[in-house]
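Novice: any chance you could fold what I've pasted below:
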Amino acid sequence: MAEDTFKPEDAENPKELEQDREVQDEVAGADDSASAAPAELDEEALVAEAIRRGEEAADADLKAEADTVRLERDELAAQLEKALEEKASAQERAARMQADWENYRKRTAGERLAERALATEKLVCNLLPVIDDLERALAHANTVSEGNEDLVSFASGVDAVRTKFVDVLGREGVEVINPAGEPFDPLAHQAVGRVDDADDYADTVRDVYQLGYRMGTKVIRPAMVTVTFNGPTRPDSAQEEQVDEASAPDEVAEETE
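Specialist: Below is the predicted model:
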């Protein structure tokens, strides 16, 4: 039996076979590239989509956080404004209360001083008749004590007691009104008689029958006096000062002589 032998001429040309294989490889590579390209494009699209969604989520979170912060800020601003209003109201109430307290303190202090002055005035008015009796006793003793040492000593003792009495009242703001020779003042003097005297100024106090007393600016008892009339009109204070200044050099000259 004859063996089948491979004839070179029956086989394809090796070069053609190599070219066919290269063409097939190129076709296969093209197919692989075509199949790989969509895969790579899908992966990039997914990554881009993921990035986009992440950015959108981040933006949404930032917006939500910003809205929350804005709401908190507005709430804090409202609380601050309310606190400032309450502070202003509290300060106004405190200032009003302080003013009321100062007015109350001043009013009560004035009332206490007025009550104290009224009580002192009442006490002084009750003591004035005692001083009057001492003065009458002193005047009588001085009248009948001439040549009697015992009565002179008695008069001196009564005068000392009266002086101490008046000094004690003086420390309480009591002032004696003894207007002898002064112009008549209807606010501080009580006229109980008139004296015709053409040589003295009219409306001048001649005699003081009873001393008056004053506490501060208030006359608690007017002085009982007699008043002159038919005399010349008393000049005003400015004219009296001019007269006194004009007579002063004459007095100095008389004293020098």
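Novice: quick one: low-confidence ranges for the stretch 51-200 of the chain?
Specialist: Counting by pLDDT under 70, the stretch 51-200 of the chain contains no low-confidence range.
Novice: where along it do the helices fall?
Specialist: Using DSSP state H, counting those that start in this stretch, the helices of the stretch 51-200 of the chain run over 149-171.
Novice: mind listing the strands in it by residue range?
Specialist: 174-177, 189-196 (DSSP state E, counting those that start in this stretch).
Novice: check these for me and report the most buried one.
Specialist: Comparing these on average neighbours per residue, with mean count of other Cβ atoms under 10 Å, the densest one is strand 174-177 at a mean of 17. Every residue, glycine included, has its C-beta placed from N, CA and C.
Novice: for that strand, which helices and strands make contact with it?
Specialist: Using 3 or more Cβ pairs under 8 Å, 6 or more residues apart in numbering; DSSP states H and E as the contact test, the elements touching strand 174-177 are strand 212-215.
Novice: now for the strand it packs on, which elements pack on it?
Specialist: Here strand 212-215 touches helix 14-144, strand 174-177, strand 218-221, going by 3+ Cβ pairs under 8 Å, 6+ apart.
Novice: centre-most residue in the protein?
Specialist: Per Cα atoms, centre = their mean, the C-alpha nearest to the average position across the chain is that of residue 99, at 7.1 Å.
Novice: separation between it and residue 88?
Specialist: Plainly put, residue 99 is 16 Å away from residue 88 if you go by Cβ to Cβ, to the nearest Å.
Novice: which element, helix or strand, includes residue 209?
Specialist: strand 205-210 (DSSP states H and E).
Novice: parallel or antiparallel, list what pairs with that strand.
Specialist: Paired neighbours of strand 205-210 in the sheet (DSSP bridges): strand 223-229 (antiparallel).
Novice: list the buried ones in the partner strand?
Specialist: 223, 224, 225, 226, 227, 228 (16 or more other Cβ atoms under 10 Å).
Novice: stretch 113-130 too?
Specialist: Going by neighbour count (16+ other Cβ under 10 Å), the buried part of stretch 113-130 is 120, 121, 124, 128.
Novice: contacts for that stretch, please.
Specialist: 165, 169, 172, 173, 174, 213, 215, 216, 218, 220, 221 (Cβ atoms under 8 Å, 6 or more residues apart in numbering).
Novice: count of neighbours near residue 147?
Specialist: When neighbours are defined as other Cβ atoms under 10 Å, residue 147 has 7 of them.
Novice: and the strands of the stretch 51-200 of the chain as CSV, adding distance to residue 94?
Specialist: What follows is these, written out as CSV (distance: least, Cβ to Cβ, whole Å):
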stretch, distance to residue 94
strand 174-177, 44
strand 189-196, 54
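Novice: residue 64: which of the ones you listed is closest?
Specialist: Closest to residue 64 of the strands of the stretch 51-200 of the chain, according to Cβ to Cβ: strand 174-177, at 88.5 Å.
Novice: strand partners (parallel or antiparallel) of that closest one?
Specialist: strand 212-215 (antiparallel).
Novice: which residues outside the partner strand are in contact with it?
Specialist: Contacts of strand 212-215 (Cβ under 8 Å, 6+ apart): 117, 120-121, 124, 128, 169, 172-179, 188-190, 219-224.
Novice: could you give me the average pLDDT of it?
Specialist: Mean pLDDT, strand 212-215: 92.
Novice: on that earlier part again, what two of the contacts of stretch 113-130 are the furthest from one another?
Specialist: 165 and 218 (20.1 Å).
Novice: can you pick out the residue with more neighbours from the two?
Specialist: A direct count of neighbours by other Cβ under 10 Å for residue 165 and residue 218 places residue 165 higher, at 16 against 10.
Novice: ok, the residue nearest to the centre of the chain to residue 105 distance?
Specialist: Using Cβ to Cβ, residue 99 is found at 11 Å from residue 105.
Novice: returning to that earlier point: now the buried residues of stretch 113-130 as JSON lines including distance to residue 235?
Specialist: As requested, those are exported to JSON lines (distance: Cβ to Cβ, whole Å):
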{"residue": "120", "distance to residue 235": "39"}
{"residue": "121", "distance to residue 235": "36"}
{"residue": "124", "distance to residue 235": "36"}
{"residue": "128", "distance to residue 235": "35"}
